[in-house]
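Novice: Kindly generate the corresponding structure for this input.
(2 chains)
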Amino acid sequence: MILFSKHFKLIVAAFCGLSLHAHGAQAPQHININQLSTTVEDVVVPLPNEIFGALNKLGAVNWKEHVRSDKGPNFTERPRIALLLGAVIADGFIAVQAEDAPAVKDIGQRVLGLAKGIGVGNSITPHAKAIIEAADKRNWENVRQELDRTQNSVQQAMNEVHDEKLSQLVSLGGWLRGTEVLTSVVKQHFSPDGAELLHQPDLLAYFQTRLKAMPEFNLPIIHQIQDALLEVKPLIDVGNAHIPAESVKKVNEITTRLGTGIVTKD
Amino acid sequence: MNGFAKILFRTSFLLGAVVIMQHASFASVDDAQSFALQAAEPYVKQGFQVREDYWGGDLASGEKKAVRQQLFKGNEYWFWLGTEVDRAKVSVHIYDSDGKLAEEPDSWEKGHFAAAHVIPKTTGSYFIIVSVEESPEERTHWALVYGFR
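Specialist: This next block holds a predicted model:
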């Protein structure tokens, strides 16, 4: 019995050692967030489909009513094109959710046109083609992946020519359109879990900081967005409290107004 | 060894050295990203959508970096960390906005790969802490990719 016990202890010790080796050292259960002084500045802005995926899990969404594939105006100001490009890519994700192949194809063409307008058409052409081909085959997973690649390529191409600010506007345009649709869906069928998806105060602060650093983009739409983000902040920055239906409605009104501003000529 | 053979040998040696030096000097965050994506590969088959975007940089041994990320309740996330330095040991852990460890027990570390799994209990900001635990290099490139479903 003693021998068995010794062996058993050895086996347990060896197993623990192996387990520790595979999983590495134990991470502390708690850290002091305030002492994290080495935070990477640039957050990765979530793609609209990341939010849409979470929304889908709360119940069936009629995505078709949110599809938007109209061509819209042609802008000459690069910041306006960048904002619109982000919104149109978000529209692509919505069309994928709705499995609307003609809309996806139109959006693919529109993305290409806007990317050319901003000087990064070359890096987008293969993705636009891939989006259209995948939509023809109704391969939605590939369309989703190509939309992600499109946004990434646009932003990389912009960063390479030191147009980081335009790249941030692409993210902002996508985030605003995503938030507009999120609030529209949650407003129709309110649930605390749906409203909680709006709890994104750090992301909002990130965009506020970025916009402040763009004084050269002295355009009405940029000022409207800055003012609107100030309005939205107290509605979604609620700590551990629930976001009420009234706040969801308000954020929807604000983002719908901005969405119209982004696709409409002054 | 005749003269031609000597020249050939020396040229080959020089070319080899140049290739090795180029590899060492041009190793980059992109290489680290390839390894992070390699760690992510098996999860794609399980339905995880891996983002094209990623974070990267370089760290000394024992150094940490924190990345703030918005996560949504209802989704499930994996974060994969990789480096091209194959004798390095890296780790990645996820904490919620109160500083509480938020990852699932199946998170893992294997040499120059590590991964952390999180099913957010609330929608909000989370902190992803990446670390180079050990490395033979003075600075070690790292890249972090993530996927969700």
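Novice: from the chain's centre, how far out does stretch A:127-136 sit?
Specialist: 21 Å (Cα atoms, centre = their mean, to the nearest Å).
Novice: buried residues in that stretch?
Specialist: Neighbour counts over stretch A:127-136 (16 or more other Cβ atoms under 10 Å in any protein chain shown) mark A:H127, A:A128, A:A130, A:I131, A:I132, A:A134, A:A135 as buried. Quick note: C-beta positions are derived from backbone N, CA and C, even for glycine.
Novice: Then stretch B:96-116?
Specialist: Neighbour-count burial for stretch B:96-116 [16+ other Cβ under 10 Å]: B:96-97, B:99, B:101-103, B:107-109, B:112-116.
Novice: and the least confident of those?
Specialist: Lowest in pLDDT among those is B:S97, which has 90.
Novice: which SS class is the closest residue to it other than its chain neighbours?
Specialist: Residue nearest to B:S97 in three dimensions, not counting chain neighbours: B:S125, with 5.0 Å by Cβ to Cβ, 6 or more residues apart in numbering or on different chains. Secondary structure, DSSP: H, G, I helix; E, B strand; the rest coil: B:S125 is strand.
Novice: Identify, from the buried residues of stretch A:127-136, the entry nearest to chain B.
Specialist: A:H127 (10.3 Å; Cβ to the nearest Cβ).
Novice: Point out where chain B drops to low pLDDT.
Specialist: Within chain B, the ranges that satisfy pLDDT under 70 run B:1-27.
Novice: Tell me which stretches of it form helices.
Specialist: B:3-26, B:29-44 (DSSP state H).
Novice: next one: the stretch 101-250 of chain A
Specialist: Using DSSP state H, counting those that start in this stretch, the helices found in the stretch 101-250 of chain A span residues A:101-117, A:121-136, A:140-160, A:164-188, A:192-196, A:201-212, A:220-236, A:245-263.
Novice: Of these, which stretch is the most buried?
Specialist: helix A:164-188 (a mean of 24; mean count of other Cβ atoms under 10 Å in any protein chain shown).
Novice: Counting by contacts, list what that one packs against.
Specialist: helix A:48-56, helix A:78-97, helix A:140-160, helix A:192-196, helix A:201-212, helix A:245-263 (3 or more Cβ pairs under 8 Å, 6 or more residues apart in numbering or on different chains; DSSP states H and E).
Novice: In CSV, list those helices along with mean pLDDT.
Specialist: Formatted as CSV, the helices and strands packed on helix A:164-188 follow (pLDDT from 0 to 100):
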stretch, mean pLDDT
helix A:48-56, 94
helix A:78-97, 96
helix A:140-160, 92
helix A:192-196, 97
helix A:201-212, 95
helix A:245-263, 97
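Novice: Mind putting the ones you listed into CSV with distance to chain B?
Specialist: Shown next, in CSV, are the helices and strands packed on helix A:164-188 (distance: least, Cβ to the nearest Cβ, whole Å):
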stretch, distance to chain B
helix A:48-56, 4
helix A:78-97, 11
helix A:140-160, 4
helix A:192-196, 5
helix A:201-212, 4
helix A:245-263, 13
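Novice: Mind checking those for the one nearest to A:I31?
Specialist: helix A:201-212 (17.1 Å; Cβ to Cβ).
Novice: Redo the helices of the stretch 101-250 of chain A as CSV? Include distance to A:A60.
Specialist: Listed next are those as CSV, based on distance: least, Cβ to Cβ, whole Å:
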stretch, distance to A:A60
helix A:101-117, 19
helix A:121-136, 22
helix A:140-160, 17
helix A:164-188, 10
helix A:192-196, 13
helix A:201-212, 27
helix A:220-236, 25
helix A:245-263, 19
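Novice: what residues are up against B:A114?
Specialist: A:G24, B:A39, B:W80, B:L81, B:V90, B:S91, B:V92, B:S107, B:W108 (Cβ atoms under 8 Å, 6 or more residues apart in numbering or on different chains).
Novice: Pretty sure A:E50 sits against B:R149.
Specialist: No: using Cβ atoms under 8 Å, A:E50 is not in contact with B:R149, being 10.1 Å away.
Novice: Neighbour count: these two, which is higher?
Specialist: A:E50 (21 against 13; other Cβ atoms under 10 Å in any protein chain shown).
Novice: Once you drop chain neighbours, what's closest to the more buried one?
Specialist: B:F148 (5.7 Å).
Novice: so the one you found bridges to which residues?
Specialist: B:Q49, B:Y77 (DSSP bridges).
Novice: In space, what's closest to A:V61 - neighbours in sequence excluded?
Specialist: A:V185 (5.4 Å).
Novice: no no, A:R257
Specialist: A:A228 is the one closest to A:R257 (Cβ to Cβ, 6+ apart), at 7.3 Å.
Novice: Tell me, what's the model's pLDDT at that neighbour?
Specialist: Here the pLDDT value assigned to A:A228 is 98.
Novice: now it: how far from chain B?
Specialist: As judged by Cβ to the nearest Cβ, to the nearest Å, A:A228 and chain B stand 19 Å apart.
Novice: now whichever residue of chain B sits closest to chain A, which residues is it bridged with?
Specialist: Nearest residue of chain B to chain A: B:E109, at 3.3 Å (Cβ to the nearest Cβ). Legend: beta-bridge partners of B:E109 under DSSP bridges are B:A114.
Novice: Quick check: it touching B:S91?
Specialist: Yes: when contacts are counted by Cβ under 8 Å, B:E109 is listed as touching B:S91 (5.2 Å).
Novice: Output the helices and strands packed on helix A:164-188 as CSV; include the columns distance to A:I31.
Specialist: Formatted as CSV, those follow (distance: least, Cβ to Cβ, whole Å):
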stretch, distance to A:I31
helix A:48-56, 25
helix A:78-97, 34
helix A:140-160, 31
helix A:192-196, 24
helix A:201-212, 17
helix A:245-263, 31
